[in-house]
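# show me the folded form of this:
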Amino acid sequence: MKHCRVRIQLGLLLVLSLARPLCAQSPTPSPNEKKTISIAWLGHAAFEIMSPGGTDLLIDPFLTKNLATPAERKDLSHYHPSHILVTHSHGDHLGDAVELAKLSKAKLVSVMMLDTFVTKGGLPREQIETVNVGDQVTAGDVKIHVVPAMHSSEPSGRPVGYVLEFGDGRTLYDEGDTWIFGDMSLIQEFYHPNIILMGCGAVADRQYVRMAWLAVNRYFKPQVVIPMHYGALPGSSSEADIRAVVGNDARVKFMKPGETRKF
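Now for the predicted structure:
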């Protein structure tokens, strides 16, 4: 009987010793594992951004009348953002924002005066997040900072840009429509953008592209630059126009309308 108990104990020890290596083959994921920022370019200045924490944002959703937006991305019921950001009231930026907000029940982030304009389109006041330069809005794991832009904004409100600050500390700067201006140095000082969505002008004018590229290099130190605001409107800048200015800089990532990349 005594020898039987010894054999059983030895058998249990053998089973446990074999089990340990198997358990070691399935390590627990590190809580510090870096997640990605997903960026979908929808053509022109329209983007869908998915944060590392899963917050879904739309920026300047000019889609249904956008010649560059793929047909499958024109279906507004496809989108389920928590917030829709509009940089200014020009039709190629405001686009389908009101209709998208109605369908998805998302909050529409817009500057003062533009908020009044969109309520006339039938959007309930409680769905509008009214902001001004210097304001901050929290959307899930993203802090949305409102920064200046130098442009026009008919019929209502002033133009702005947005800096998205993600939970992992990285930041993305959407310039909106803007000319170069000295306070870009403060945007760099405050937010240190890792990713810049670089506006390249609505007309085939390399001066605008040169200005945008000068702004990136004079004021910022990004790891990624994504050209936008080209190729959708008749007579607008082309990818070739932009490549002629930026050369082979490895930071510049050209995207195709409808394409999604992770950073």
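
# where along the stretch 1-150 of the chain do the helices fall?
Taking DSSP state H, counting those that start in this stretch as the criterion, the stretch 1-150 of the chain carries its helices at 2-24, 91-94, 97-104, 114-119.

# so how far is residue 197 from residue 143?
Here the distance between residue 143 and residue 197 works out to 17 Å (Cβ to Cβ, to the nearest Å). All C-beta spots, glycine's among them, are computed from the backbone N, C-alpha and C.

# and those two? Which one has more around it.
Neighbours per residue, other Cβ atoms under 10 Å: of residue 143 and residue 197, the larger number sits with residue 197, 26 against 16.

# local confidence estimate at that one?
Residue 197 is assigned a predicted lDDT (pLDDT) of 99.

# so which strand or helix has it?
Using DSSP states H and E, residue 197 sits in strand 195-199.

# please name every helix or strand in contact with that strand.
strand 171-174, helix 206-219, strand 224-228 (3 or more Cβ pairs under 8 Å, 6 or more residues apart in numbering; DSSP states H and E).

# neighbouring strands for it, and are they parallel or not?
According to DSSP bridges, strand 195-199 has the following sheet partners: strand 171-174 (parallel), strand 224-228 (parallel).

# so for residue 65, which of those sits nearest?
strand 224-228 (17.1 Å; Cβ to Cβ).

# take the closest one, keep the C-alpha atoms, and write them as PDB.
What follows is strand 224-228 as a C-alpha-only set of coordinates in PDB (Å, rounded to 0.1, in the frame of the first residue of the first chain):
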ATOM      1  CA  VAL A 224       4.200  60.500 -40.800                       C
ATOM      2  CA  VAL A 225       2.800  63.100 -43.300                       C
ATOM      3  CA  ILE A 226      -0.300  62.100 -45.200                       C
ATOM      4  CA  PRO A 227      -1.100  64.400 -48.200                       C
ATOM      5  CA  MET A 228      -4.800  65.300 -48.600                       C
END
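
# lowest average pLDDT across the helices of the stretch 1-150 of the chain?
The minimum mean pLDDT among these belongs to helix 2-24 (a mean of 45).

# wait, which of the helices and strands packed on strand 195-199 is closest to residue 258?
Ranking those by distance to residue 258, with Cβ to Cβ as the measure, places strand 224-228 first at 13.6 Å.

# highest average neighbour count across the helices and strands packed on strand 195-199?
Between the helices and strands packed on strand 195-199, the one whose residues have the most neighbours on average, counting mean count of other Cβ atoms under 10 Å, is strand 171-174 (a mean of 25).

# contacts for that strand, please.
Outside of strand 171-174, the residues within contact range by Cβ atoms under 8 Å, 6 or more residues apart in numbering are 37, 39, 47, 49, 59-60, 85, 87, 147, 161-166, 187, 191-197, 220, 222.

# check contacts around residue 79.
If you count contacts by Cβ under 8 Å, 6+ apart, residue 79 has them with 48, 56, 58, 61, 100, 103-104.

# ditto for residue 245
If a contact means Cβ under 8 Å, 6+ apart, then residue 245 has 206, 209-210, 213 as its contacts.

# counting neighbours, what do you get for the residue nearest to residue 166 when sequence neighbours are not counted?
What sits nearest to residue 166 in space, not counting adjacent residues and going by Cβ to Cβ, 6 or more residues apart in numbering, is residue 51, at 5.3 Å. Other residues within reach of residue 51, judged by other Cβ under 10 Å, total 24.

# in terms of contact, does residue 51 touch residue 144 like I think?
No - if you go by Cβ atoms under 8 Å, residue 51 and residue 144 don't touch, sitting 10.7 Å apart.

# what do those two both touch?
57, 164.

# check contacts around the residue most central in space within the chain.
The centre of the chain sits closest to residue 49, judged by Cα atoms, centre = their mean, with a distance of 3.7 Å. With Cβ under 8 Å, 6+ apart as the criterion, the residues that contact residue 49 are 37-40, 56-59, 164, 172.
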